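[1] Give me the fold of what follows.
(one chain, ligands or ions: 2)
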Amino acid sequence: MSMLTDRNDGAQAPMLSLLNVESAYGPIKAIRGVSLKVRKGEIATVLGSNGAGKSTILKTISGILDPRKGSIEFKGHDITARDPAFIVQQGLVHVPEGREVFPLLSVRDNLLMGAYTRKDRDGVARDMEMVYAYFPILQERAQQDAGLLSGGQQQMLAISRALMANPDLILLDEPSLGLSPKLTKEIFEIVVRINRERGTTILLVEQNANMALNASDYGYVLENGRIVMEDSCDRLREKEDIKEFYLGMKEEGVRGERRWKKKKTWR
Ligand SMILES: Nc1ncnc2c1ncn2[C@@H]1O[C@H](COP(=O)(O)OP(=O)(O)O)[C@@H](O)[C@H]1O
Ligand SMILES: [Mg+2]
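    Ligands and ions are numbered 1, 2, ... in the order given. All right, here's what the predicted structure looks like:
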């Protein structure tokens, strides 16, 4: 499943690349020289604990936050600090942390909001059927206000709304946040199906390293705003530091988290 080929072989330009990107909130430097690549058709993941800078990376890519330094290329074009609406039109959509749906709009109208820039009405209708096939519960709840959905259903809606833009690349911010392990597993399975069946490229950021490593092809580890390790997910899963990290997160909670934060060197 995973790509063991050399990612720098030049055979195919990456769909998305970040080069030395720095972003800050006033005096707080949140990411410090992040470089990463996402290849067409893959699921790439950025793993990191709370506050590592994962959401900041996605906000900087989607144009919500302008970087202080560095550049971002999408499908061969420079999109650094471009307007978020322009970036969506290029085929790059962001599912933010905390699944921000419009609570007072119906499920169906939330989905249509995702397609608001599209002119191909037949395509929109087809994609509506497609998301209902992935998430049948959304069809059952189509006329209800989105605010009445459970957390898991809102996450499904947020992903579906992104799909309604017919994107080439989806940025997915911690879909597991606040969800039960069972729902998280369900959602990850569908994300993988969307990637395999539709060829949609995905950049996923997660604290849940176990789920993310199983779903993804290639991974980056982010610590204090810096990428400290990258490799195929097959290989990352075998690394002791990674095992400690996600077992620690899974079974030891805060103690695991401390151990992770103390660790300074990654090999
Ligand atoms: N709106 C904000 N204002 C000030 N600091 C922020 C803001 N958002 C995030 N930060 C800080 O930037 C750093 C990275 O945050 P974030 O990208 O949200 O991390 P993650 O998504 O990995 O949890 C943290 O130190 C966080 O406190
Ligand atoms: Mg975050």
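[2] how far away is the residue in the stretch 51-200 of the chain that ligand 2 sits nearest to from ligand 1?
    For the stretch 51-200 of the chain and ligand 2, the shortest gap (C-beta to the ion) falls at Ser55, measuring 3.2 Å. (C-beta placed from N, C-alpha, C; glycine too.) Ser55 is 3 Å from ligand 1, where distance means C-beta to the nearest ligand atom, to the nearest Å.
[3] So which residues of the stretch 51-200 of the chain form strands?
    For the stretch 51-200 of the chain, applying DSSP state E, counting those that start in this stretch gives strands covering 69-74, 77-78, 92-95, 169-173.
[4] Could I have the CA atoms of the third one written out in CSV?
    C-alpha atoms of strand 92-95 as CSV (Å, rounded to 0.1, in the frame of the first residue of the first chain):
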residue,chain,number,x,y,z
LEU,A,92,-7.9,22.7,-2.4
VAL,A,93,-10.4,22.6,0.5
HIS,A,94,-9.9,22.7,4.2
VAL,A,95,-11.9,20.8,6.8
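[5] So, low pLDDT: which residues of the chain?
    1-11, 245-267 (pLDDT under 70).
[6] Apply 90 and report the result again.
    Scanning the chain for pLDDT under 90 picks out 1-13, 98-100, 117-118, 178, 210, 237-267.
[7] Show me what from it comes close to ligand 2.
    Contact residues, the chain versus ligand 2 (C-beta under 5 Å from the ion): 54-55, 97.
[8] out of the residues you listed, which is most surrounded?
    Greatest neighbour count in the residues of the chain next to ligand 2, by other C-beta atoms under 10 Å, goes to Lys54: 26 neighbours.
[9] Wait, it touches Leu177, no?
    No - applying C-beta atoms under 8 Å as the test, Lys54 and Leu177 come out as separate, 10.9 Å apart.
[10] where exactly do the helices run in this structure?
    Listed in chain order, the helices of the chain (DSSP state H) span 54-61, 84-89, 107-114, 121-134, 136-140, 151-163, 181-198, 209-215, 233-238, 240-247, 254-262.
[11] now, of those, which is deepest in the fold?
    helix 54-61 (a mean of 25; mean count of other C-beta atoms under 10 Å).
[12] Now do that helix against strand 69-74, angle only.
    Calculated by axes from the mean of the first three to the mean of the last three C-alpha atoms, to 10 degrees, helix 54-61 forms an angle of 70 degrees with strand 69-74.
[13] Please name every helix or strand in contact with helix 54-61.
    Applying 3 or more C-beta pairs under 8 Å, 6 or more residues apart in numbering; DSSP states H and E, one finds that helix 54-61 contacts strand 16-25, strand 28-38, strand 69-74, strand 92-95, strand 169-173, strand 201-206.
[14] Mutual contacts of Lys54 and Leu177, please.
    Counting by C-beta atoms under 8 Å, 6 or more residues apart in numbering, the common neighbours of Lys54 and Leu177 are Gln207.
[15] What's the local residue count around the residue lying closest to Gly91 once chain neighbours are set aside?
    Distances taken as C-beta to C-beta, 6 or more residues apart in numbering place Asp168 nearest to Gly91, at 3.9 Å, with adjacent residues excluded. Neighbourhood size, Asp168 [other C-beta under 10 Å]: 18.
[16] I appreciate the help and will end here.
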